[in-house]
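Novice: A structural model of the following input is requested.
(2 chains)
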Protein chains: 2
Amino acid sequence: MSFMAPRLDAEIIAIGTELLVGGRSDSNSLFLAEELGKLGIAVRFKSVVGDERQDIVTAIHTAVKRAHVIIMTGGLGPTVDDCTREAVAHATGHRLGRRKEALEGMTARLAQWGRIPNRAQLRQAMIPSGATVLKNPIGSAPGFCLTWKKALIVSLPGVPREMEEMMWQEVVPLLRVATESSGRLSRSPIDRQVFHTFGLAETDVDAKLTGLIPKGTPVDLGMLASPMGVLVSLTTKGNQSAPERNRDLLQKLAQDVRSRLSDWLFAEGRDTMEEVVGRELTKRRLMLAVAESCTGGLISHRLTQVAGSSAYMDRGAVCYSNRAKTEMLGVPTELIARHGAVSKEVAASMACGIRERAHVSVGLSVTGIAGPGGGAETKPVGLVYIGLDDGIGRPITREFRFHGDRNVIKQRSSQAALDLLRRWLLDKEAK
Amino acid sequence: MSFMAPRLDAEIIAIGTELLVGGRSDSNSLFLAEELGKLGIAVRFKSVVGDERQDIVTAIHTAVKRAHVIIMTGGLGPTVDDCTREAVAHATGHRLGRRKEALEGMTARLAQWGRIPNRAQLRQAMIPSGATVLKNPIGSAPGFCLTWKKALIVSLPGVPREMEEMMWQEVVPLLRVATESSGRLSRSPIDRQVFHTFGLAETDVDAKLTGLIPKGTPVDLGMLASPMGVLVSLTTKGNQSAPERNRDLLQKLAQDVRSRLSDWLFAEGRDTMEEVVGRELTKRRLMLAVAESCTGGLISHRLTQVAGSSAYMDRGAVCYSNRAKTEMLGVPTELIARHGAVSKEVAASMACGIRERAHVSVGLSVTGIAGPGGGAETKPVGLVYIGLDDGIGRPITREFRFHGDRNVIKQRSSQAALDLLRRWLLDKEAK
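Specialist: Sure thing, here's the model as predicted:
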C-alpha cells in the first residue's frame, strides 16, 4: 500500500461502457458509501471504466495502491461484453474456472423461474481461483471476493437490488470481521448528515453558514446546487481515539445548521420533499388533488412515488390544453381570455377547481411556460404561477421566474409547488 | 506517458463529494464523451473524487499516466469546499494568483445580473500560473487549461449548461488545433451507434445478436439492461488508416442489428420512446389523452418532456382513488366492484372514458399494483393492465407481471404503455 492511514479507505469501481459514456447514472455508490461509512470505511475514489478487460485491469491496479477495500460493480452478466471475471483473474494472476457452488446457486435461482442455465449464463459460474463465491439471492450472477496485495477486492453485479442484498448478506459481515480483527476503527463510523434546502441560491446558503465550523474541527462542510435546491452536508473525518466526541460535535453542528437555515430547510438525510409533504398531509388528515399545466404530471408522479400515497393523494389533472382546463377544472374561458392561461388568476382558479371537483381539502396548481417555445416579452419562458386553495381562505398564488431548459423549469416548478404546500401545512400547524 | 497509442485517450475527473457518495448522477460525461468522440478522442476512464484537495491531486497524477487529455468538471465555485484550483496548482507545481482576465469576465457577468463579486466569488479568479483562462459565457466561474507532462489538463465548472458552452466555445477549437497539428487522427472520429429495445430480456437480445460481429472486426458490441429496456451499442475502435471503411462497416452492422431486433427496436441514438410516439402521433394528426392509476402521472410527465408536445397531448387524468376513476373517466362503479380496479375491464373502460371526455382520437390507460402494499395472491404486486381505445375498434388491453420495487414497476409500466401505443401507431400505418 502506498499509505497506511489509521482509517480504512475504499474505492468503488463501476464497470460498463454505458456508465462511462452513456450518461447512465450510477445509483449504487450512495448505497455503498453509506454501508461502508457505517463500518468506518471511507469511500475516497470512484472509478468508472468501460467493458474493456485491459482498462478494468488498469483500474484494479490503480485502486490497490490507494484503497484497502475495492468494491467493483457490474460486468458479471451473461453477455459477451461482461468481462469483469476475466479482468480480475488477469489483474491478480489467478485462473478462471467453473466453480461448483456458483453453478449450483445459479441453477437453483433459474429453476425458480422455470428455466435452465443457457450457454451464455454458464459463463457466470466462472470464478477466479482463490476467490470466495458470494451468493446472489435475487438474480443469477454470483459475485466473488479475494485478497490481493493486502487489499480486499469484492466483485458484485451492477443491478441495484442484487448488489444491495449481496452487500448486506455477504459483504458487510465479512468486512465487520475484517475491521474488528485488525483492530481498526470498528468503533469509529464516519458520520454524515445531509440537509436539503429550497429557495436560496448556493452563495446565500454559503453566507448563512459562514463561520459554522471552527478551524481545526474534524468535520467537512459540503454544498451542492441543483434544480431541486441546495444540499448541505456535514461529514466527520473519523477520529479513532474519541468516536463519541465526534458524534456529539456533529450533533451540535447539525443543530446550528438547522437554526441557520430555518424554514429553508425542508428535509434531512434521504428524506424527500414529497415524503415530507405526505407526512404533513397524513398528520392533518388532509386529502390533496393537483392540477398541472407546464409540469405535465411531474408533481403527481413525485407524490405517488411514495408508498402509501393513496392515503392523501386523491387525483391529478394534467390540463395541457386550455379546453382541458375548462372541462376538467371549470376554469372560465373568459378568465383565460382576459389574463392568459399563464396568470395568477388562472392558477388560483385551477387550484380551486380541482379542489372542488375532487371534494378534497387542498388543491394545488401550476401553470407556466416551460419552453423552449411559447414565450413572449411580457410572459417569457420560465414564468410560472403556483396556486393553492383550501376553500376557507382566499387562494394563495406565487409568481416565479425560473431559468434553465424545459426539464429544469419543470423540475423547479414541481419543487416550488410542493414547497408552497409544505410551508402552508407548517403554517397551519402553528396557528 | 505510459503508452503512446496512435489514438488520443481522454479521462474525465468529476469532482464533488456529492457525486462520490451522494448518488448524484453525473450527466456531464455523455456530453463530453460525444464531443471528444467527434474529434477522435476516446474516453477510457472516469474518476470521481470528493472535495478533498489531496484526493484531487492523486486523481490528476493517476490520469496523466494514462490519458492525453484530462477534462475536470466541478469544484470551481465560490464556496469553501471548492478546491479544484488549489489542487491543480499543487499537483502541477504552479502557483495560484488572481488573474486579470478571469476577474474581468466574472465582474462583467455579475454586472449583467446587477451584482458585484463578493469576497467568496473573488476566489474564482485565482488561476494557476501558466494556465490559460477559459471564459464562462453563462455563469461566474471561469475555467482554465494547461499542459503538464505532455497531457492537456482542462478544468471546467460542473454546472451542465456552463460546462457545455465552454466546451463548445473554448475547448473543442483548442483540441481541434492540437489534434490536427500533431497529425493524430483528426480524420478518424470514433463512431458509436446506440439502439433501444423494449420487451426482450438481456439474454434474448444477446441471442438475437449472436454472430453479428465477425472475429477481428474493429467494432465493440455493448448491452445494458434497465427498467426501460435493453440498450445495444456498436462502437468502432478507431482506425487511422481507413476511417471511411470503418464508417461503412458500422453502417452495415447497424443495418443487421435493425433487422435482427425488428420491431423490438423502438429508437436509436438519443431518441426516446416519448419522442418516437410524439412524432408518430403528429404524422397521423392524432390527439392523445392519458388516464393513469399506478403510474401516477409518469406517462403524462414523460410525454410532456418533449418540446412541442401540446400539439398532440391534450390532457391526462391521474385517478388514484376509485372515486376519481368514476368521476373523471366515467368508469362504472359496478365494473370496479365486479372485476376490481386492477383488471383488464377497468383498463379498457379508463382508456375509453378519457378518450370520450377529451374528445380525442386515442385514449391510453394504466391500472396496476405498484406496491409494496396492496398485493394479494390472485393480484400480486407488479400486476399491471394497459388499455388503448380509438373509438373505432374494440379497446385493446394487455396484462403484465413486472418485478421490482415501486419505482421500477412505475417505470416499466409507463414504458410498456408507450410501447403499446407505438406498436398500435405503426400497425395503423401498415394497413
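Novice: which residue ranges of the stretch 151-300 of chain A form helices?
Specialist: A:160-166, A:172-181, A:202-208, A:243-261, A:273-283, A:298-303 (DSSP state H, counting those that start in this stretch).
Novice: ok, which of these comes nearest residue B:139?
Specialist: Closest to residue B:139 of the helices of the stretch 151-300 of chain A, according to C-beta to C-beta: helix A:202-208, at 10.8 Å. Where you see a C-beta, it was placed from the backbone N, CA and C, and this is true even at glycine.
Novice: helices and strands around the closest one, which ones?
Specialist: strand A:219-226, strand A:229-236, helix A:243-261, helix B:119-122 (3 or more C-beta pairs under 8 Å, 6 or more residues apart in numbering or on different chains; DSSP states H and E).
Novice: ranking the ones you listed by burial, who's on top?
Specialist: Comparing the helices and strands packed on helix A:202-208 by mean neighbour count (mean count of other C-beta atoms under 10 Å in any protein chain shown), strand A:229-236 ranks first with a mean of 23.
Novice: burial count for residue A:162?
Specialist: Residue A:162 has 20 neighbours, counted by other C-beta atoms under 10 Å in any protein chain shown.
Novice: got CSV for the helices and strands packed on helix A:202-208, with mean pLDDT too?
Specialist: Converted to CSV, the helices and strands packed on helix A:202-208 look like this (pLDDT from 0 to 100):
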stretch, mean pLDDT
strand A:219-226, 82
strand A:229-236, 88
helix A:243-261, 89
helix B:119-122, 84
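Novice: looking at the helices of the stretch 151-300 of chain A, which is closest to residue B:376?
Specialist: Among these, the nearest to residue B:376 by C-beta to C-beta is helix A:160-166 (22.6 Å).
Novice: do that closest one and chain B meet at all?
Specialist: Yes - under the criterion of C-beta under 8 Å from any C-beta of the partner chain, helix A:160-166 makes contact with chain B via residue A:161.
Novice: so how far is that helix from its chain's centroid?
Specialist: On the basis of C-alpha atoms, centre = their mean, to the nearest Å, helix A:160-166 sits 16 Å off its chain's mean C-alpha point.
Novice: what's the average pLDDT for that helix?
Specialist: Averaged over helix A:160-166, pLDDT sits at 92.
Novice: show me what that helix is packed up against.
Specialist: Using 3+ C-beta pairs under 8 Å, 6+ apart, the elements in contact with helix A:160-166 are helix A:28-38, strand A:151-156.
Novice: just these: most buried one?
Specialist: Buried most deeply of these, by mean count of other C-beta under 10 Å, is strand A:151-156, with a mean of 24.
Novice: show me what that one pairs with in its sheet, parallel or antiparallel.
Specialist: Strand pairing for strand A:151-156, using DSSP bridges, gives strand A:69-73 (parallel), strand A:143-148 (antiparallel).
Novice: just send these back as a markdown table, with mean pLDDT and mean neighbour count too.
Specialist: Below are the strands paired with strand A:151-156 laid out as a markdown table (pLDDT from 0 to 100; neighbours: other C-beta atoms under 10 Å in any protein chain shown):
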| stretch | mean pLDDT | mean neighbour count |
| --- | --- | --- |
| strand A:69-73 | 96 | 27 |
| strand A:143-148 | 95 | 21 |
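Novice: what about the stretch 101-250 of chain A, any weak spots by pLDDT?
Specialist: Flagging of the stretch 101-250 of chain A using pLDDT under 70 yields the residue ranges A:181-189, A:238-243.
Novice: out of the helices and strands packed on helix A:160-166, nearest to residue A:404?
Specialist: With C-beta to C-beta as the measure, helix A:28-38 is the member of the helices and strands packed on helix A:160-166 nearest residue A:404 (24.3 Å).
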